[in-house]
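Chemist: Sharing a model prediction with you, sequence too.
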Amino acid sequence: MPLTPAAVRRILLSLTAGALFAAPGAAAQSGRAARDTTPIAFIGFRAGAPLAEVRERVRELDGRLRCDQAKADRRVTECRGTVVDPDLAASVDLWLSAIDDRAAVLTLSADVEPDELDRWRSRLEEYGRVGAQVQGAQWMMQWVRQGRMARLTWRVQRKERIASVSLIDGGVLDGWGRERARAARTGTR
């Protein structure tokens with residue numbers, strides 16, 4: 001359920017963000033008009049935020065964050081940490097992949113009770129009502145706005161409900177993908 005650093009790397013390498021975010025009907029999925037420029041955020045974290053802003057929010061939420069620069073691509077910083085969700089008064093795991101010091105993929109994950117999952121879903125439904133999709137034991141809802149996406153995923157495992165919210169910035173991923181493609185064509189890194 002929660003994204004591991006290896007899974008985040010696979011997402012970063014394989015996501016075709018342009019196709020993901022420019023899909024027909026993406027604005028309709030969000031339940032708001034395409035001109036709405038309110039950034040998608042969750043407990044004060046937003047996709048595409050500068051790493052300094054993420055660090056400040058972690059401090060505000062009595063958390064900790066440890067970041068390391070990726071060895072394969074020096075533009076990528078991978079972070080792990082925890083924060084305290086103010087509504088749940090519980091610890092939430094945080095995983096983050098930043099590109100050029102901007103949050104490309106940020107995931108928050110926790111074991112939640114049914115009412116806590118409802119609170120997470122209610123927070124995200126400020127972006128519009130969307131239907132839940134199910135695949136096996138996993139449920140998912142997603143909101144897309146202005147090239148950014150929030151995805152709420154949850155499943156019940158051994159009587160525990162595990163939920164995560166992923167915030168993804170398509171513009172940051174698109175720029176990184178273009179740079180990687182150009183470097184591959186020219187043979188530079």
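Modeler: Done, it's in. Residues are numbered from 1 along each chain as shown.

Chemist: Output the helix or strand hosting R185 as PDB, nothing but the C-alphas.
Modeler: Using DSSP states H and E, R185 sits in helix 170-186. Only the C-alpha atoms of helix 170-186 are listed here, as PDB (Å, rounded to 0.1, in the frame of the first residue of the first chain):
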ATOM      1  CA  GLY A 170       2.700  16.300 -13.400                       C
ATOM      2  CA  GLY A 171       4.700  19.400 -14.400                       C
ATOM      3  CA  VAL A 172       7.700  18.500 -12.300                       C
ATOM      4  CA  LEU A 173       7.600  14.900 -13.600                       C
ATOM      5  CA  ASP A 174       7.200  16.100 -17.200                       C
ATOM      6  CA  GLY A 175      10.100  18.500 -16.900                       C
ATOM      7  CA  TRP A 176      12.300  15.700 -15.500                       C
ATOM      8  CA  GLY A 177      11.200  13.300 -18.200                       C
ATOM      9  CA  ARG A 178      12.000  15.800 -20.900                       C
ATOM     10  CA  GLU A 179      15.500  16.400 -19.400                       C
ATOM     11  CA  ARG A 180      16.200  12.700 -19.100                       C
ATOM     12  CA  ALA A 181      15.100  12.100 -22.700                       C
ATOM     13  CA  ARG A 182      17.200  15.000 -24.000                       C
ATOM     14  CA  ALA A 183      20.200  13.700 -22.000                       C
ATOM     15  CA  ALA A 184      19.700  10.200 -23.500                       C
ATOM     16  CA  ARG A 185      19.600  11.600 -27.000                       C
ATOM     17  CA  THR A 186      22.700  13.700 -26.500                       C
END
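
Chemist: and that helix, which residues are buried?
Modeler: Residues of helix 170-186 classed as buried: 170-177 (neighbour count, 16 or more other C-beta atoms under 10 Å). For the C-beta atoms, the positions are set from N, CA and C on the backbone; glycine is no exception.

Chemist: On the three-state scheme, the residue nearest to the spatial centre of the chain is what?
Modeler: Nearest residue to the geometric centre of the chain (C-alpha atoms, centre = their mean): L167, 2.2 Å. In terms of secondary structure, L167 is strand; the call rests on DSSP: H, G, I helix; E, B strand; the rest coil.

Chemist: show me what contacts it?
Modeler: By C-beta atoms under 8 Å, 6 or more residues apart in numbering, the contact set of L167 is 40-42, 45-47, 103, 105-107, 148-150.

Chemist: Look up the residues forming beta bridges with it.
Modeler: Per DSSP bridges, the residues bridged to L167 are L106, A150.
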